[in-house]
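A.B. asks: how does the following fold in three dimensions:
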Amino acid sequence: MMRGAVTVVLLGAVVVAVVGMNLSREPGRIDLNWQLIHEPAPKVLAEPLSNGTIVQTITASGKVESVEEAEIASQIIGRVVAVGFKEGDAVKKGDVLVQIDKTDAQARLDSVRARISRLTSAIDQSESDLVKAKRDAGLSSKLAGRGFSTPTELADSYTALAKAEAALAMSRNELTESEAMRRSSEEEVERTTIRAPIDGVVSNRDVEIGEIVIAGTTNLPGSVLMKVCDMTRMRVRADVDETDVLLVRPGQPARIFPQADQLHPIAGDVDRVAPQGKIKKDEVVSFETLVNLAPASMGDGDPSVASLRPGMSVTVEVEVRRSDDAVSAPAQAVVHRRRKDLPDTPLFRDWAERSVRSPGEKARDAEVRYLKVMFVVEGGHARARPIEVGLSDERRVEVRSGVEPDERVIVGPFHALDVLKDGDLVVPVATAAELDQPK
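C.D. replies: Take a look at the predicted model:
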C-alpha cells in the first residue's frame, strides 16, 4: 500500500516537472513534451546580418538574330540562269546574287520602244496635217467671205481642222502611255538581276540554277531565294514570361549566355519590350523582348561575339533591380513555417493579419498558411522571427524588418533548418568547419 502511494507521488512530481519546463519555453504557449531523455542540441551556423550588394535578375530563353537582315525574293516570274553566291559567302551591297532569264522581259521592252518610235513619227505626221487643216480652214473662210465658197465647204474645212487636232492629241496621249510602259518594262528587265541590298553574309540559300521563281501576291507568298545577314550587328529576341515582364525596362543591363559557350557571357542591354504578349503552347503567355549587344562587346576583338550565329539558342539574364547597401542574410536562412506551427504570440498574430492572403484563401485556412521566418539564437534556443524580405539573388536576400542588427541568424546546415522549431535548443558556431568538430 505504502509502495503504491510512493509510486503515484513520484509520477505526479515528474508530470509537474515536465509541464513546468515546457511552460517556461515560451510565454503563452503550452507545448508538452513527455520525453525524459532528449537528444543533444544540434550545432547550427549562426551569423549576424551584413550589408552588401544584391542584384535581382530574371532569365528568359531566346534566339540570336541579326539586327539587319534581308530575305531575297523575286519580284517577277522567271527561270533562274545564274546564282552568284553560296551559303557563307560575304557580299557587298549591289553584288549580283541571282540572275533570272530576261528574254521575255527584253522582248516586251523592245516592243514598247518600237511603238514609241512609231508614235513619235505619227505625231510628226499629225502636226503636219494640223498645219494643213488650219491653212485650208483659213482659205475657205476668206473665199466664203467673198462668195466663192459654199457654207458646206467652209464647214467641212473646220471639221477637218478639228479631226487633225484630235488626232494629234490622241497620238500624244498614246506616246505618254507608251513612255509609262517603257519605264515599267525597263524596271522589269532590271528586276531580272537581283542584287544584294546590304553588306553581309549569305546565311541561307534556297535556289538553284534552272528553277522557276514566282513573285509574291496578297494570298500567295513568293519564293524566298536566300537570306543575307549583317553579322557585325547582332541581337537576341527573347521570350520573357508574363510574371517577370513588369520588371523589365529598356536600357537595363543584361548578360547573354550562349548554349554553345555558357562560361563566357556577353554583355548587352534591353532595347524594347513588346506591348502585347503572345500565347505559346500550354497557354503560357510571354512577351517578345529585344536585347542588343552592348557596344563594348561589338567587333572582332571579342571572340564570344564573333562566335555567335543567327538562330543560336541563348539564355538572357536581365538585371531588373539592384541595391548596393542592402541589409541581407544568406538565402537559405529564410524558411517557411505554417502559422499553426509558430508561437501563438501577439507578434505572429499581428504579422499573419498583415500578410497578404492568396486569392481564394478563406479565413479558416489562416492556420495552415505558410509564413516566411528566420531563426535567431537567443539564450541557447532557436527563436522564430517573422520577416519582411526585399530584393534577392542566388545567394542572399534583403531583410527589411523582423530581425535586429545585433541578432545572430541561423543560416545552416540545411538539415537542421528543415526541422528546426521555435524554442529548440541549439549550439551556435561561427564557421562551417566547427560543425564537423565533436561536441
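A.B. asks: how far does stretch 270-280 sit from its chain's centre?
C.D. replies: Mean C-alpha position of stretch 270-280 versus that of the full chain (Cα atoms, centre = their mean, to the nearest Å) differs by 6 Å.
A.B. asks: what average pLDDT does it get?
C.D. replies: Stretch 270-280 comes out with an average pLDDT of 91.
A.B. asks: list the buried ones in it?
C.D. replies: Neighbour counts over stretch 270-280 (16 or more other Cβ atoms under 10 Å) mark 270-271, 273, 277 as buried. For glycine as for every other residue, the C-beta is placed from the backbone atoms N, C-alpha and C.
A.B. asks: buried residues, stretch 77-87. List them.
C.D. replies: Those would be 78, 80, 83, 85, for stretch 77-87 by 16+ other Cβ under 10 Å.
A.B. asks: and the closest residue to the first one other than its chain neighbours, how many neighbours?
C.D. replies: Read that as Gly78. Computed as Cβ to Cβ, 6 or more residues apart in numbering, the closest residue to Gly78 that is not its neighbour in sequence is Ile100, at 3.9 Å. If you count neighbours by other Cβ atoms under 10 Å, Ile100 ends up with 22.
A.B. asks: ok, and the residue lying closest to Leu293 once chain neighbours are set aside, which helix or strand is that part of?
C.D. replies: Spatially, and ignoring its direct neighbours in sequence, Leu293 is nearest to Gly268 (5.0 Å; Cβ to Cβ, 6+ apart). Assigned by DSSP states H and E, Gly268 belongs to strand 266-273.
A.B. asks: if we can go back for a sec, so what's the residue nearest to Gly78 bridging to?
C.D. replies: With DSSP bridges as the criterion, Ile100 is bridged to Val80.
A.B. asks: quick one: it and Val213 touch, right?
C.D. replies: Yes - using Cβ atoms under 8 Å, Ile100 is in contact with Val213, at 6.7 Å.
A.B. asks: look up how far Val335 lies from Gly379.
C.D. replies: The gap separating Gly379 from Val335 is 20 Å, by Cβ to Cβ, to the nearest Å.
A.B. asks: Gly311 now?
C.D. replies: 44 Å.
A.B. asks: between the two, tell me which one has more neighbours.
C.D. replies: Ranked by neighbour count (other Cβ under 10 Å), Gly311 and Val335 place Val335 first, with 17 against 11.
A.B. asks: quick check: closest non-adjacent residue to that one.
C.D. replies: Leu417 (5.6 Å).
A.B. asks: related to what we said a few turns ago, pull the contacting residues for the residue nearest to Gly78.
C.D. replies: Counting by Cβ atoms under 8 Å, 6 or more residues apart in numbering, Ile100 makes contact with 74, 76, 78-81, 191-194, 213.
A.B. asks: same question for Gly390.
C.D. replies: Shown in contact with Gly390 (Cβ under 8 Å, 6+ apart): 54, 323, 326, 397-400.
A.B. asks: same question for Arg321.
C.D. replies: So Arg321 contacts 55-56, 247, 391 (Cβ under 8 Å, 6+ apart).
A.B. asks: cool, Ile279 as well?
C.D. replies: Contacts of Ile279 by Cβ under 8 Å, 6+ apart are Val285.
A.B. asks: got the contacts of Ile100 as a markdown table, with distance to Ser111, pLDDT and secondary structure columns?
C.D. replies: Output for these, formatted as a markdown table (distance: Cβ to Cβ, whole Å; pLDDT from 0 to 100; DSSP: H, G, I helix; E, B strand; the rest coil):
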| residue | distance to Ser111 | pLDDT | secondary structure |
| --- | --- | --- | --- |
| Ser74 | 22 | 90 | coil |
| Ile76 | 17 | 89 | coil |
| Gly78 | 18 | 91 | strand |
| Arg79 | 20 | 93 | strand |
| Val80 | 24 | 93 | strand |
| Val81 | 22 | 94 | strand |
| Arg191 | 18 | 92 | helix |
| Thr192 | 16 | 93 | coil |
| Thr193 | 20 | 94 | strand |
| Ile194 | 24 | 93 | strand |
| Val213 | 24 | 89 | strand |
